[in-house]
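# Have a look at this fold, sequence not included:
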């Protein structure tokens, strides 16, 4: 019995080439350097609300919180009106580095007063989340081409 008896052509048709598709069709707001700095700012604001205001365990310094609010709000404003003052990329880069530098000072201060900062589990978790946001701001600021 051959395939010819059943009406099947023994010659195989070439398979259609696979299309290369990206994992994400449209890039997200948080994939660029500016987006990463903005995400770090949002994480710091949420961190302040949860671990500082609600849990009263680990507080983020105001010197880091003010630029965090800035980097969270600036990309959501009208880009043209922001760029009348200065290019948005440059502002985000500078504020990202400010957050990172304040983060380094916060880590040094936490090491100095470790017995008071890391006495509760929520304090440790809060510190780790804040440190991750500081690192995210630094990495995002380095990625911005200004």
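Yes, it's here. These figures come from a predicted structure and were not determined experimentally.
# Downstream of the longest helix seen in the chain, the next helix or strand is which one?
For the chain, the longest helix by residue count, based on DSSP state H, is helix 88-112. Downstream of helix 88-112, the first helix or strand assigned by DSSP states H and E is helix 114-117.
# contacting residues around the helix or strand following that next one?
Downstream of helix 114-117, the next assigned helix or strand under DSSP H and E is helix 121-143. Contacts with helix 121-143, where a contact means C-beta atoms under 8 Å, 6 or more residues apart in numbering, come from 32-41, 43-44, 47, 50-52, 55, 57-58, 60, 64, 68, 71, 92-94, 96-97, 99-100, 102-104, 106-107, 110, 117-118. C-beta here means a position set from N, CA and C on the backbone, and glycine is covered the same way.
# How about stretch 75-94?
Stretch 75-94 is contacted by residues 29, 33-35, 37-38, 70-71, 74, 140-141, 144-146 when judged by C-beta under 8 Å, 6+ apart.
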